[in-house]
Structures are given as C-alpha cells and as structure tokens.
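K.L.:
pasting the structure only:
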C-alpha cells in the first residue's frame, strides 16, 4: 500500500495571518488551534479527505535557509489573470526567482514570503 499526503506543515511567525490568507486562497476553514498559536486549516470535511490540510506551526524565528516546500495552486472558477488579481488583493506579492517572463505560471509570495505558484491550467473544484 502507498502513502498519501494528509497534512503539509509550514513554519511561520503569525499563524493567524497566514490562516486568513490561505483560507481565502484555498477556500479552507480553520480546523483547530493549538495552545502555542499554531493552527490547522483545511477543507470543510476536515482531515483525511481528498485534499491535505495545512498545519501552520508557530515559530518565533524563521528557519534558516530557503523553504524547501513550494505550493502550486490552480484556479477553479476563473481564468489565471482573474485569479492573479484576486490573490494580489488578498496580500500575495510577485516574487522574482529568475523567471524569464515566458513562463505559463506566476511566482508569488504569501504574507510571510513563502513562495508559491499560480499555474495556468484550471482545475475542477472538488
């Protein structure tokens, strides 16, 4: 039997801020809160469904070096340009990682600077 991703963990200084951002981006809800301020967000059906949850692990100091986790997102109900505009209004900002400008995706950063990409292909909502 194979494994499947149930949860992605992202270290951050302000879980509340990232929870608001990623809940809006992914149409997730807050599933739980820890005493230290860490939070788990995910689809309304909760942990164990078809999508992994995102655990925002509170850290006082960012981890040294570049984050090795990179999230790619796809719009489900609009084209890429409209979704880019929505993400920028939510607080994402363009990130330069050496793109040529010919890519079919946009590299962005969330409010704490974690890079993610908005891909061109549109996916069906679950």
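P.N.:
Noted; the coordinates are in hand. Fair warning: this is a prediction, and the values are worked out from it, not measured in the lab.
K.L.:
name the element the residue sitting nearest the centre point of the chain belongs to?
P.N.:
Residue closest to the mean C-alpha point of the chain, counted by C-alpha atoms, centre = their mean, is residue 22 at 5.1 Å. If you go by DSSP states H and E, residue 22 is part of helix 15-26.
K.L.:
can you check residue 3 too?
P.N.:
Per DSSP H and E, there is no helix or strand for residue 3.
K.L.:
just the pLDDT for it.
P.N.:
In this model, residue 3 is scored at 82, pLDDT.
K.L.:
what is the neighbour count of it?
P.N.:
Per other C-beta atoms under 10 Å, the neighbour tally for residue 3 reads 5. Where C-beta positions appear, they are placed from N, C-alpha and C, glycine not excepted.
K.L.:
and it, how far from residue 52?
P.N.:
For residue 3, the distance to residue 52 equals 12 Å [C-beta to C-beta, to the nearest Å].
K.L.:
can you pull out the helices in this protein?
P.N.:
Along the chain, counting by DSSP state H, helices occupy 15-26, 80-90.
K.L.:
pipe the ones you listed into JSON lines and attach mean pLDDT and distance to residue 123 per row.
P.N.:
What follows is the helices of the chain, written out as JSON lines (pLDDT from 0 to 100; distance: least, C-beta to C-beta, whole Å):
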{"stretch": "helix 15-26", "mean pLDDT": "97", "distance to residue 123": "12"}
{"stretch": "helix 80-90", "mean pLDDT": "96", "distance to residue 123": "11"}
